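J.: What would the 3D arrangement of this be:
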Amino acid sequence: MKITVNIDCTPQEARSFLGLPDLEPLQARLVGEMETRMRAALASMDPEALMKTWFPGGMQGWEQLQKMFWTQLASGAPEARPRKGKDEK
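T.: This next block holds a predicted model:
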């Protein structure tokens, strides 16, 4: 024997019938808070603000960083070290 019951109701009606709480007001507040935080985070990703954060000294700081990298690369370059041939170990 097979019995099929079809119930036609809205999600709100089903929640109230089962005694579940109505979370729509809470969800609306949380979504609003998330939207506010996301807008604030996007505002902090302004390219000009990012450049000021990453390079507080402007181009001078960038040039110093570049010189430091070149110094490190030059000191570890293979030309600076004596080469050994295939026969030498």
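J.: so how far is the worst-scoring helix or strand of the chain on mean pLDDT from its chain's centroid?
T.: Lowest mean confidence among the helices and strands of the chain (mean pLDDT, DSSP states H and E): helix 47-54, at a mean of 76. Remark: helix 47-54 is offset 16 Å from the chain centroid, using CA atoms, centre = their mean, to the nearest Å.
J.: what does stretch 13-29 give?
T.: Per CA atoms, centre = their mean, the displacement of stretch 13-29 from the mean C-alpha position of its chain is 32 Å.
J.: can you pull the buried residues of the least confident helix or strand of the chain?
T.: Of all the residues in helix 47-54, not one is buried under the rule 16 or more other CB atoms under 10 Å. From N, CA and C alone the C-beta is placed, and that goes for glycine too.
J.: can you check stretch 23-32 too?
T.: Buried residues in stretch 23-32, counted by 16+ other CB under 10 Å: none are found.
J.: So for it, mean pLDDT?
T.: In this model, stretch 23-32 has a mean pLDDT of 94.
J.: For that stretch, C-alpha coordinates in CSV please.
T.: Taking Å, rounded to 0.1, in the frame of the first residue of the first chain, the C-alpha atoms of stretch 23-32 are listed here in CSV:
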residue,chain,number,x,y,z
LEU,A,23,14.6,34.2,11.3
GLU,A,24,13.9,36.6,8.5
PRO,A,25,14.4,39.8,10.7
LEU,A,26,17.7,38.4,11.9
GLN,A,27,18.8,37.5,8.4
ALA,A,28,18.0,40.9,7.2
ARG,A,29,20.1,42.6,9.9
LEU,A,30,23.0,40.2,9.2
VAL,A,31,22.9,40.8,5.5
GLY,A,32,22.8,44.5,6.1
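J.: related to what we said a few turns ago, what's the following helix or strand after the least confident helix or strand of the chain?
T.: Downstream of helix 47-54, the next assigned helix or strand under DSSP states H and E is helix 59-75.
J.: now the angle from that next one to helix 47-54?
T.: For helix 59-75 against helix 47-54, the angle by axes from the mean of the first three to the mean of the last three CA atoms, to 10 degrees is 60 degrees.
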